[in-house]
Each structure stands twice: as structure tokens, then as C-alpha cells.
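structure, please.
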Amino acid sequence: MSNPSSPASADSLRPFLVIPAGGRGLRMGGGLPKQFRDWDGRPLLQVTVEAFLAPGMPPLAGIALAVPDSHVEEARSWSFGVPCTIVTGGSTRQESVWIALKTLPDLPLAPVMIHDAVRPFPPTAPLWEALEALNRFDGVLLGEPSTDTLKRVDSHGLVLRTEPREEFFRAQTPQIARLGTWRQAFQSAEAAGFLGTDDVALLERLGLSVRLIPSPSSNLKLTTPEDWQRARSH
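Next comes the predicted model:
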């Protein structure tokens with residue numbers, strides 16, 4: 001992919017955006033899923049999608065959202081200016097992503113960015129860097145460098161050693177691969193009954209190369225009430 005100032009792109013395929021938003025958001029409390037809670041007059045999920053359409057962001061080929069059945073009609077009422085497919089999500093995040101991936105056009109080489117519904121501040125420069133890295137790696141993700149001292153402990157809580165924190169990152173999204181790669185990984189995981197803790201874990205399982213691009217802490221995931229309070233100061 002090119003950066004915003006490049007006159008031409010090494011890869012002419014625009015990325016697709018997939019957001020699994022079928023969860024109930026229990027850690028926020030209350031009955032409304034956190035991705036549909038109000039953020040400055042709009043549902044948070046809508047705000048997250050619109051962040052990818054802001055000036056300077058990579059132009060999208062299309063969007064696929066997997067949402068709870070109770071919110072399908074609401075999501076279909078939103079207009080983003082690019083093709084957007086709304087589907088009912090599955091019982092897990094991984095299943096919701098797989099359902100959404102199946103709705104995309106059959107373009108195996110197209111980059112697909114999988115993003116958390118409740119990360120409304122995706123960073124522009126790391127995202128361009130991640131898309132460019134996809135020309136050299138099977139998958140790419142954003143990650144926040146660890147600033148804490150990390151201790152490895154045994155099953156009894158006894159410290160075994162201090163780990164080098166420069167080798168550890170907190171995984172963020174987007175996580176990116178080409179559509180054909182994602183479909184291979186999700187199909188294989190489904191057949192094996194494998195449930196990953198994030199999307200690139202499915203690529204790692206197949207021995208594929210995954211590159212991490214450092215990303216700022218401002219790429220917040222709004223999971224708890226405390227997260228929402230932090231985000232208000234963004």
C-alpha cells in the first residue's frame with residue numbers, strides 16, 4: 001500500500017474493514033451492548049467505523065459488520081459512503097469474524113483489516129505502515145509496547161524471572177491479512193475446533209509470518225467504565 005502522499009500504490013487493492021460487534025459487553029454493566037452505547041450522540045460502533053473514513057486514512061473497498069440480531073436494522077440505517085454489509089454475529093467473536101469474512105467479494109489478495117468494535121481511535125500512520133508491511137508478511141497487527149516490568153511466575157505465584165519488556169507488546173487491532181489468508185486460517189481453525197484469543201493467533205497456528213507494528217496507547221479498547229472515562233480525555 002502507498003502512504004497518503006504517494007501518487008501510486010504498489011498494491012492497487014483497497015482494504016476491506018471487518019468489525020465483529022456481536023458481543024453483549026457484560027463488563028460495562030447494564031443491558032445495552034457497549035458497542036451500541038452513546039458516544040457524543042452516536043453509537044460507539046458507528047463512531048469506530050467513521051474513524052476509518054476520516055481524511056488521511058487508507059480508502060476502504062468495503063465494510064462488513066457482524067452485530068447482534070437485535071441491532072441489525074439499526075446498523076443498516078447508517079450510511080458510510082462505501083459498500084457496507086450487515087450480518088448477524090455468531091456466539092463468539094471468532095465466529096462473528098468468520099461470518100463477516102464470508103460476505104466479502106471473492107478477492108483473495110485484497111487486504112482485510114479486522115478491528116475491535118470498541119476501539120474508536122485507530123492511529124493513521126501505524127495503519128499505513130501495517131498495510132505496507134503486508135507486502136512482506138502473511139499478517140500484520142498493531143501493538144502497544146509494554147511499559148511495565150514483567151514477572152514470570154509459577155502456579156503458586158512464585159517469581160521465576162523478570163522478562164525483557166522490550167520483547168512484549170499488548171496486542172491491538174486492526175489485525176490485517178489478505179482475504180485468502182484469513183479464509184484459510186478461519187476455515188482451518190473451525191475444522192480443528194481451535195478458538196484463538198485474537199485473530200492473528202489463527203495465522204500463528206498455521207506457521208505463517210506475522211509482523212507487529214508499534215502503536216500508541218491512544219488506540220484504546222473501551223471495555224470497562226474506567227476505559228470510557230480515560231477515552232473522554234482523548
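
give me the longest strand you can find in this protein.
If you go by DSSP state E, the chain has its longest strand at strand 169-178.

average pLDDT for the following helix or strand past that strand, rounded please.
Using DSSP states H and E, the helix or strand that follows strand 169-178 towards the C-terminus is helix 179-192. For helix 179-192, mean pLDDT is 98.

give me the angle between helix 179-192 and strand 169-178.
Orientation of helix 179-192 against strand 169-178 (axes from the mean of the first three to the mean of the last three CA atoms, to 10 degrees) gives an angle of 110 degrees.

quick one: the strands in this protein?
Going by DSSP E, the chain shows strands at 16-20, 38-39, 42-43, 62-67, 84-88, 111-114, 139-145, 150-153, 159-163, 169-178, 210-214.

just the C-alpha atoms of the helix or strand of the chain with the lowest mean pLDDT, please, in CSV.
Every helix and strand of the chain was ranked by mean pLDDT, DSSP states H and E. The lowest is helix 225-231, at a mean of 81. Output of helix 225-231 as CSV, limited to C-alpha atoms (Å, rounded to 0.1, in the frame of the first residue of the first chain):
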residue,chain,number,x,y,z
PRO,A,225,-16.4,2.2,32.6
GLU,A,226,-12.8,3.2,33.5
ASP,A,227,-11.8,2.9,29.9
TRP,A,228,-14.6,5.2,28.9
GLN,A,229,-13.5,7.8,31.4
ARG,A,230,-9.9,7.6,30.0
ALA,A,231,-11.2,7.9,26.5
